[in-house]
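> Sequence first, predicted coordinates after that:
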Amino acid sequence: MLAFRNVALWFIALLLITVVGFWPTYFRQLPSGPHLTHHLHGITMLLWMLLLITQALWVRTHRIALHRRLGRVSLVLAPLVVLSGIVVTLHNIRSVPDPTGRFMLGLYAFGWFLSLSFGLLWGLAMVHRRDVQLHARYMITTALVLLFPGFYRALSLAGEALDLPVPGFYDAQYLIGAAGLALIVWDLRRGRVRAPFVVFTGLWALNLLLWKVLPDLDAWRRFTVWSAAL
């Protein structure tokens with residue numbers, strides 16, 4: 001596990017990026033501002049990040065028994081992350097005047113993608129929980145799925161503060177895909193490419209494709225309109 005001895009620092013960075021990115025729209029408005037669905041989603045997301053940090057630190061300090069016991073929490077917490085992500089996605093599409101604009105159709109698909117891909121990657125981490133190399137990598141990919149929302153908001157805040165151009169919402173998603181490719185290269189340099197980072201990068205590529213394709217499909221438009229009317 002020497003390859004992952006510093007992964008806790010990356011999980012801490014994820015937490016900090018998320019807090020900075022969501023500070024103006026969520027944390028600064030606590031407790032009265034955000035809708036209940038945002039509280040549910042925010043709490044489960046933060047708990048997941050804290051779980052990742054704690055688990056990584058316990059592995060680093062060789063407290064494997066504690067790591068395994070705490071890991072059972074994910075059996076409850078991970079489904080809540082998925083459920084809260086779906087709930088907030090539905091809430092957001094119901095909150096816009098026109099859910100059928102091209103950007104909103106893509107954004108709605110993106111919300112579903114984040115929730116379902118998180119669930120899939122966590123599920124694969126559990127399937128491979130006895131294979132340390134695969135389990136650790138799949139858990140890292142759950143963090144990558146959660147990275148973009150806070151990252152893009154933090155990037156936009158930095159661009160505004162420094163008067164610098166910021167890539168559009170869709171174009172910025174390529175940066176997360178690039179992170180997946182970088183992890184594949186990192187694996188390759190260590191002598192062997194394992195499945196988790198390839199699976200994540202493939203899923204992210206599928207997301208980029210769906211963003212372009214789904215808004216043109218009548219079935220997706222009808223589903224979005226139906227969802228917004230719930």
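Received it, and whenever you're ready, just let me know what you need. Numbers count the residues shown, from 1 in each chain.

> In contact with the residue most central in space within the chain, which residues?
Centroid check for the chain by C-alpha atoms, centre = their mean gives residue 146 as the closest residue, at 1.8 Å. For residue 146, the contact set (C-beta atoms under 8 Å, 6 or more residues apart in numbering) comprises 14, 18, 45, 48-49, 114, 118. For glycine as for every other residue, the C-beta is placed from the backbone atoms N, C-alpha and C.

> And residue 46, by the same measure?
15, 18.

> neighbours of the closest residue in space to residue 166 that isn't next to it in sequence, just the number please.
Leaving aside its chain neighbours, residue 166 sits nearest to residue 159 (3.6 Å; criterion: C-beta to C-beta, 6 or more residues apart in numbering). Each residue near residue 159 was counted by other C-beta atoms under 10 Å, and the total is 13.

> What values do phi and psi take at residue 159?
Main-chain torsions, residue 159, degrees, to the nearest 10: phi -60, psi -40.

> Isn't it up against residue 167?
No. If you go by C-beta atoms under 8 Å, residue 159 and residue 167 don't touch, sitting 9.1 Å apart.

> ok so, going back, could you look up the SS state of the residue nearest to the centre of the chain?
What DSSP: H, G, I helix; E, B strand; the rest coil gives for residue 146 is helix.

> how close does it get to residue 98?
28 Å (C-beta to C-beta, to the nearest Å).

> One more: residue 154?
Using C-beta to C-beta, we find residue 154 at a distance of 28 Å from residue 98.

> between the two, which one's more packed in?
Neighbour totals were compared for residue 154 and residue 98, and residue 154 leads with 18 against 7 (other C-beta under 10 Å).

> does the more buried one really touch residue 20, like I thought?
Yes. With contact defined as C-beta under 8 Å, residue 154 reaches residue 20; the gap is 4.7 Å.

> all helices of the protein, in order?
7-22, 36-60, 64-71, 74-94, 102-127, 132-162, 169-189, 195-213, 218-228 (DSSP state H).

> Redo these as TSV? Include mean pLDDT and distance to residue 29.
Formatted as TSV, those follow (pLDDT from 0 to 100; distance: least, C-beta to C-beta, whole Å):
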stretch	mean pLDDT	distance to residue 29
helix 7-22	94	10
helix 36-60	91	9
helix 64-71	88	31
helix 74-94	96	15
helix 102-127	97	20
helix 132-162	95	14
helix 169-189	96	22
helix 195-213	97	29
helix 218-228	97	24
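
> Now render these as JSON lines, adding distance to residue 28.
Shown next, in JSON lines, are those (distance: least, C-beta to C-beta, whole Å):
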{"stretch": "helix 7-22", "distance to residue 28": "9"}
{"stretch": "helix 36-60", "distance to residue 28": "13"}
{"stretch": "helix 64-71", "distance to residue 28": "31"}
{"stretch": "helix 74-94", "distance to residue 28": "18"}
{"stretch": "helix 102-127", "distance to residue 28": "23"}
{"stretch": "helix 132-162", "distance to residue 28": "12"}
{"stretch": "helix 169-189", "distance to residue 28": "22"}
{"stretch": "helix 195-213", "distance to residue 28": "29"}
{"stretch": "helix 218-228", "distance to residue 28": "28"}
